[in-house]
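> Provided below for reference: sequence and predicted model.
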Amino acid sequence: MSPAFEALLDQVLKLPDEERGEFVSRLLRSLEPEDGDELGAQEWDAAWSAEISHRIREIRDGSVELVDGDDVLAELRAIVERP
């Protein structure tokens, strides 16, 4: 990376957690297209509510299989530790 990048990263890493989070959030937003299709807070809430409702329906109707998080992590560790 360039010296300017490294200097900026060094400065950002010295910020308090909250300010680093805000910095990252603004930086990520700068990468979003400027097409006006951004969602507002209410739209995000509605989208997430719909997604949560969809996932609950899938659980209740049995169309998805719930897997214990510890089991998943154990499987992932086994995969990573394979030679």
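Arrived safely, thanks for sending.

> quick one: what helix or strand has Glu58 in it?
helix 41-61 (DSSP states H and E).

> Can you tell me what sits against the helix-or-strand element of the chain with minimal mean pLDDT?
Taking mean pLDDT, DSSP states H and E as the measure, the chain has helix 17-30 as its least confident helix or strand, at a mean of 88. Residues outside helix 17-30 that contact it (Cβ atoms under 8 Å, 6 or more residues apart in numbering): Val12, Leu13, Leu15. C-betas here are computed from N, CA, C, even on glycine.

> List buried residues within these.
Listed as buried from the contacts of helix 17-30 is no entry at all; burial here means 16 or more other Cβ atoms under 10 Å.

> What average pLDDT does the helix or strand encompassing Asp10 get?
Here Asp10 sits within helix 3-13, counting by DSSP H and E. The pLDDT scores in helix 3-13 average 93.

> which helices and strands sit right next to it?
helix 17-30 (3 or more Cβ pairs under 8 Å, 6 or more residues apart in numbering; DSSP states H and E).

> what about 7 Å?
The contact analysis (3 or more Cβ pairs under 7 Å, 6 or more residues apart in numbering; DSSP states H and E) places helix 3-13 against no helix or strand.

> re earlier: now flag whichever of the contacts of helix 17-30 is closest to Ala78.
Leu13 (33.9 Å; Cβ to Cβ).
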